[in-house]
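Colleague: Below are the sequence and a predicted model; questions follow.
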Amino acid sequence: MTWALVVLATVIGTMVPLAPTLYVSWRFALSTQQEQLNAYALRVLDHTDAVYADAVSALRTIAAMPFPPCSPQHIRAMLQITEEALSVVNIGYGAGDVVECNSWGILNYKLVRAPVQIEQPDGIGLILNWRPTNFGTDRAILILRLREYSVLVDQRQFFNEWETSNPFTISEVRTRGGRPIYASYLDRDLPTPPDASDASVEKVSRNWAVTVRQPRITFKEHLQANRAVLLPLSAAIALLSAASGLLVLRRQSSPRTELAKALKKGELVAHYQPIIELATGRCIGAEALVRWPRADGSQTPPDMFIPLAEETGLIERVTDQMLAAVIEDLGDLLRDDPHAHVSINLSAVDITTGRILPVLERVLDGSGIQPRQIWLEATERSFIDVDGARATLLELRRRGHRTAIDDFGTGYSGLNYIQNLPIDLLKIDRSFITAVNTEAPTRDVTPYIIAMGHELKLQIIAEGVETENQAEYLRTQGVSFAQGWLYSKALPASAFLVFWTARRR
Ligand SMILES: Nc1nc2c(ncn2[C@@H]2O[C@H](COP(=O)(O)O[C@H]3[C@@H](O)[C@H](n4cnc5c(=O)[nH]c(N)nc54)O[C@@H]3COP(=O)(O)O)[C@@H](O)[C@H]2O)c(=O)[nH]1
């Protein structure tokens with residue numbers, strides 16, 4: 001196949017004039033840049049929406065509390081919310097023209113409440129670029145106002161770390177009315193602010209508009225340098241340049257394209273890791289884990305392509321194909337044994353947008369499989385948009401599905417988040433199980449996580465159980481279920497069915 005392609009490319013490379021080829025490659029490079037910018041802009045917008053949603057949630061929470069203004073309980077509540085909300089630096093209260101108290105206590109100096117500059121579509125008032133004195137920071141602050149309450153957000157929160165991966169890409173965040181609140185070039189050592197020749201993409205959400213830019217000139221210079229070398233060379237060695245052009249093209253085939261192709265061809269498969277009831281040693285179900293077998297016999301690990309799928313908008317298709325694979329592979333088992341279940345990993349976007357709900361309904365409708373047999377796992381990253389996550393989880397539970405928080409202990413969620421979310425199971429991350437009975441610093445955390453699960457009346461699943469010693473410890477701590485290499489690695493469907501038959505009895 002490769003030889004055929006090389007011969008074909010050689011013939012074409014000899015015959016086709018070079019200029020159109022260069023023109024096409026230029027257009028191709030341009031559209032790739034546009035695609036990259038689109039993905040970038042969506043990520044910046046997601047991040048902006050998440051920071052804003054976090055601050056609005058803090059604002060609405062404090063505004064709904066019944067404490068007497070500036071009482072000790074009131075100030076304590078403001079401090080607690082400030083500490084828990086990732087983006088909030090302070091909360092202020094003032095019924096009149098001045099701030100009377102904030103998260104730090106009652107104010108002993110006069111701080112005038114800045115007037116609202118912009119009314120957001122969601123009813124929140126905004127004050128931009130507030131630069132406080134006596135406040136321990138010289139950074140620009142965004143104030144969100146709801147009645148007597150002001151929530152303060154450091155505008156640098158809108159900076160996105162991934163921008164640093166491409167030094168020429170910059171982002172600007174504005175309100176829907178066009179007022180700028182953040183421009184990343186202000187915080188980075190870039191030679192100039194953006195200009196009109198930049199390639200740019202704009203994306204808008206309900207409250208925000210985001211523009212992402214890359215200087216077009218950099219791209220053009222690069223292309224012209226290539227041409228200066230290629231034109232004389234290609235005249236002399238047309239055959240060689242055609243073949244090497246093909247090789248370059250093949251190497252440039254991006255990981256995203258490869259993953260998209262694999263999804264299109266249905267190359268991703270599900271493997272199943274048994275879940276064991278610790279008290280009886282019986283297998284009660286499995287976790288479906290995606291596998292990507294390659295033509296050369298190797299496997300690309302999910303750790304490599306799941307983040308890529310999440311970044312490039314392919315993750316929904318991964319989830320959908322896994323769901324379809326589970327029904328195809330284990331449908332008969334689930335219909336025959338109504339107590340069996342399969343856990344499926346959902347992505348943050350499945351949970352926060354609720355897009356998984358109609359998909360599940362469509363797949364299960366008429367399948368003879370009960371919703372309670374499909375457990376759904378979400379990582380803590382899904383809960384940055386708490387309201388979206390709660391709505392989806394509530395609906396899943398109403399339909400009868402069981403919901404689990406995955407990799408627990410590795411994210412930022414605290415007790416406060418979890419007790420307010422409709423979750424049935426807590427999966428302790430492998431790192432905390434590996435630490436059991438070792439000298440690892442995290443070994444003392446494991447009992448606290450288990451106690452937290454019990455306190456919240458959640459069933460607990462331990463991941464990554466590799467030794468009988470760990471299993472015994474978990475049994476004595478009242479952990480219900482376990483999965484890990486002690487019992488089995490993730491198995492192809494046929495091997496899992498054999499395991500199930502042996503361990504179900
Ligand atoms: N959104 C989706 N994410 C998925 C899906 N399938 C997998 N993933 C996520 O990718 C990460 C890596 O998964 P994988 O390489 O499959 O690793 C899993 C197990 O194989 C591994 N494991 C299980 N037992 C042991 C053990 O005893 N020791 C050991 N060293 N490793 C073990 O742990 C991974 C289980 O992950 P988790 O989901 O946290 O239970 C991983 O984050 C997957 O979530 C998918 O379909 N969609």
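Modeller: All right, it came through fine. These numbers come from a predicted model, not from an experiment.

Colleague: rest of the way, CA atoms for contacts and neighbours
Modeller: OK.

Colleague: Up against the ligand, what does this protein have?
Modeller: 289-290, 301-303, 306, 319, 322, 345-347, 406-407, 464-466, 484-485, 490 (Cα under 6 Å from any ligand atom).

Colleague: Hmm, K427 is touching T410, no?
Modeller: No - between K427 and T410 there is no contact under Cα atoms under 8 Å: 10.9 Å.

Colleague: Neighbour count for those two, which is higher?
Modeller: K427 (26 against 15; other Cα atoms under 10 Å).

Colleague: what's the helix or strand hosting that one packed up against?
Modeller: Per DSSP states H and E, K427 falls inside strand 425-428. Packing partners of strand 425-428 (3 or more Cα pairs under 8 Å, 6 or more residues apart in numbering; DSSP states H and E): strand 402-408, strand 459-462.

Colleague: I'd like the average pLDDT over the longest one.
Modeller: Put plainly, it is strand 402-408. In this model, strand 402-408 has an average pLDDT of 90.

Colleague: what packs against it?
Modeller: strand 374-379, helix 386-399, strand 425-428.

Colleague: Can you say which of the helices and strands packed on strand 425-428 is nearest to G266?
Modeller: Of all the helices and strands packed on strand 425-428, strand 402-408 sits nearest to G266, with 26.1 Å by Cα to Cα.

Colleague: between that closest one and strand 374-379, how big is the angle?
Modeller: 30 degrees (axes from the mean of the first three to the mean of the last three Cα atoms, to 10 degrees).

Colleague: Would you map out the domains in this protein?
Modeller: 1-161+214-252, 257-504 (automatic domain parsing).

Colleague: mean confidence for the shortest one?
Modeller: Spelled out, it's domain 1-161+214-252. 78.

Colleague: ok, now stretch 473-492?
Modeller: pLDDT averaged over stretch 473-492 gives 97.

Colleague: And stretch 430-449, by the same measure?
Modeller: 87.

Colleague: chain center to that stretch: distance?
Modeller: 26 Å (Cα atoms, centre = their mean, to the nearest Å).

Colleague: Over to stretch 104-117?
Modeller: Taking mean C-alpha positions (Cα atoms, centre = their mean), stretch 104-117 and its chain are 37 Å apart.

Colleague: got the CA coordinates for that stretch in CSV?
Modeller: Taking C-alpha atoms only, stretch 104-117 is exported to CSV below (Å, rounded to 0.1, in the frame of the first residue of the first chain):
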residue,chain,number,x,y,z
TRP,A,104,-12.2,39.5,56.4
GLY,A,105,-14.6,41.2,58.9
ILE,A,106,-16.2,44.5,59.6
LEU,A,107,-14.5,47.4,57.8
ASN,A,108,-12.9,50.0,60.0
TYR,A,109,-12.4,52.4,57.0
LYS,A,110,-14.7,53.9,54.4
LEU,A,111,-14.9,51.9,51.2
VAL,A,112,-17.3,53.3,48.7
ARG,A,113,-19.2,50.8,46.6
ALA,A,114,-18.3,51.3,43.0
PRO,A,115,-21.4,51.8,40.8
VAL,A,116,-22.5,49.0,38.4
GLN,A,117,-21.2,49.5,34.9
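
Colleague: Buried residues, that stretch. List them.
Modeller: G105, I106, L111, R113, A114 (16 or more other Cα atoms under 10 Å).

Colleague: Among those residues, pick out the one closest to S494, please.
Modeller: G105 (63.6 Å).

Colleague: who does the closest one bridge with?
Modeller: Assessed by DSSP bridges, G105 has beta-bridge partners N102.

Colleague: was I right about it contacting Q73?
Modeller: No - counting by Cα under 8 Å, G105 stays clear of Q73, with 10.7 Å between them.

Colleague: Show me which of the residues of the chain next to the ligand are buried.
Modeller: For these, buried by 16+ other Cα under 10 Å: 289-290, 306, 319, 322, 345-347, 406-407, 464-466, 484, 490.
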